[in-house]
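*Asks:* Okay, here's the prediction I keep looking at, along with the sequence it came from:
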Amino acid sequence: MSEMRDLIATFPEQLRWAAGLVTPSIPPAESAIVAGMGGSGIAGDVAAVVAEAASRRVTVHKAYGLPRWVAGDLVVAVSHSGNTEETLSGVQAAAAVGAPWVAVTTGGRLQGKAVAAGAPVVAIPFSPQPRAAFGYLAGAVLRVLEAAGVLPSQAGALEEAADVVASALAGPAHEAAAAIAGRLAGRVTVIYGGTGLGAVAANRWKTQMNENGKAPAYWSSLPELDHNEIVGWTASPQLGRDSIGVVFLHDGADHPRVALRARLTGELIAPVVAIAGEVSSVGSGMLARLLSLTIVGDLVSVELAERAGVDPVPVAIIEDLKKRLTDQPGGSG
Ligand code: PA5
């Protein structure tokens with residue numbers, strides 16, 4: 001078993017760790033901004049869809065600084081390393097306008113800045129890669145937002161998600177992943193999800209294909225893709241049939257017209273693009289359903305890496321880029 005497979009196998013215990021997390025005192029807030037990038041930033045995407053389902057507002061910020069309207073929101077800065085310059089610039093922006101902020105991190109400069117500013121720090125266990133700490137990061141962000149009063153209690157949802165992911169890892173997710181990976185091998189992966197939950201899952205699939213599989217991948221969501229991307233397959237059908245593999249992600253709570261669109265879209269594009277598979281969520285809560293989709297994508301990405309003979313774990317080009325950025329003026333974060 002590869003190291004990344006071992007790490008993925010820890011996701012249920014990561015979620016259970018988050019369910020039992022005792023958070024420090026967090027400033028109360030009506031709404032929040034989660035600032036973070038890449039494998040850490042997706043924790044904000046998860047929080048945003050969970051919040052939306054609870055009629056609460058959580059905005060994800062994946063850029064330098066913060067939105068100009070930040071005042072009044074709790075800023076949750078999430079960075080596995082604690083050294084991501086965009087996220088560090090976000091806490092600088094929070095401090096500049098006096099917005100309350102919290103750090104979710106394993107350490108690094110983010111922890112140092114939080115300690116210096118008296119901001120709460122939620123320390124998450126270290127993983128070899130941020131994307132392998134998905135359960136810790138997403139779970140900790142959810143529990144922080146609960147502690148702030150932005151979200152209702154999350155422990156039960158995290159426990160259910162842990163159970164659903166553990167069941168998937170006991171067999172079904174591996175079988176689904178092997179079948180889909182077999183059809184995707186040698187192709188560019190395109191993932192289509194529904195609105196909200198499906199879009200977050202599709203994004204996680206895409207980034208896992210990129211970082212674990214070291215392969216290009218793209219995602220879109222319904223219904224928007226029916227208004228543009230669906231046309232993009234039609235001029236060069238040979239390209240789509242030979243080089244692309246589309247995966248559809250379904251959720252039982254998809255809008256009925258979105259579910260219909262997924263079926264009709266698949267029928268229409270099947271002659272011009274290879275359909276590599278479909279995955280339907282399982283579980284009752286939103287978090288469990290979301291993670292039941294992402295766990296299959298995680299395994300597909302590792303399977304593709306193994307088929308391509310690449311190690312899923314390292315992301316040398318990201319490290320190289322970060323070093324080059326640090327060496328340039330303004331690279332201190
Ligand atoms: O997977 C990765 O290594 C990246 O996507 C990182 O998560 C991203 O660069 C941000 O780094 P960090 O998660 O340490 O803030």
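*Replies:* Done, it's in. Numbering: from 1, shown residues only.

*Asks:* Contact partners for the residue of the stretch 1-150 of the chain found nearest the ligand?
*Replies:* Nearest to the ligand, among the residues of the stretch 1-150 of the chain, is Gly38, at 2.1 Å (Cβ to the nearest ligand atom). Heads up, the C-betas are built off the backbone N, CA and C, glycines and all. Taking Cβ atoms under 8 Å, 6 or more residues apart in numbering, we find Gly38 in contact with Thr84, Pro130, Arg131, Thr207, Ile318.

*Asks:* Any idea how many residues pack against the third one?
*Replies:* Spelled out, that is Arg131. Using other Cβ atoms under 10 Å, the number of residues around Arg131 comes to 27.

*Asks:* Wait, a helix at it?
*Replies:* Yes - according to DSSP: H, G, I helix; E, B strand; the rest coil, Arg131 belongs to a helix.

*Asks:* which residue packs closest to it, ignoring adjacent ones?
*Replies:* Gly39 (3.6 Å; Cβ to Cβ, 6 or more residues apart in numbering).

*Asks:* again, but for Val34
*Replies:* For Val34, the spatially nearest residue (Cβ to Cβ, 6+ apart) is Gly44, at 3.1 Å.

*Asks:* So that neighbour is in contact with Met37, correct?
*Replies:* No - contact criterion Cβ atoms under 8 Å: Gly44 and Met37 do not qualify, at 9.6 Å.

*Asks:* Pull up the overlap in contacts between those two.
*Replies:* Lys62.

*Asks:* Which one's more surrounded, those two?
*Replies:* Between Gly44 and Met37, counted using other Cβ under 10 Å, the more crowded position is Gly44 (27 against 20).

*Asks:* what about the more buried one, is that helix, strand or coil?
*Replies:* Gly44 is classified as helix under three-state DSSP.

*Asks:* where do the helices sit along the stretch 101-250 of the chain?
*Replies:* 108-117, 134-147, 155-169, 172-184, 197-211, 237-243 (DSSP state H, counting those that start in this stretch).

*Asks:* one step back: ok, of the contacts of Gly38, which come out buried?
*Replies:* Neighbour-count burial (16 or more other Cβ atoms under 10 Å) applied to the contacts of Gly38 gives Thr84, Pro130, Arg131, Thr207.

*Asks:* still on that earlier bit, how far away is the residue nearest to Val34 from Thr326?
*Replies:* With the distance defined as Cβ to Cβ, to the nearest Å, Gly44 ends up 24 Å from Thr326.

*Asks:* Now do the same contact list for the most centrally placed residue in the chain.
*Replies:* Nearest to the mean C-alpha position of the chain, by Cα atoms, centre = their mean, lies Ile42 at 3.4 Å. Neighbour list for Ile42: Arg131, Phe134, Leu137, Ala138, Val200, Asn203, Arg204, Thr207 [criterion: Cβ under 8 Å, 6+ apart].

*Asks:* list the contacts for Gly135?
*Replies:* So Gly135 contacts Thr10, Phe11, Pro12, Glu13, Gln14, Leu15, Trp17, Ala18, Ala162, Val165 (Cβ under 8 Å, 6+ apart).

*Asks:* how about 6 Å then?
*Replies:* With contacts defined as Cβ atoms under 6 Å, 6 or more residues apart in numbering, Gly135 is in contact with Phe11, Gln14, Leu15.

*Asks:* repeat for Pro27
*Replies:* Going by Cβ under 6 Å, 6+ apart, Pro27 touches Pro100.

*Asks:* On the three-state scheme, it is what?
*Replies:* From three-state DSSP, the assignment for Pro27 is coil.
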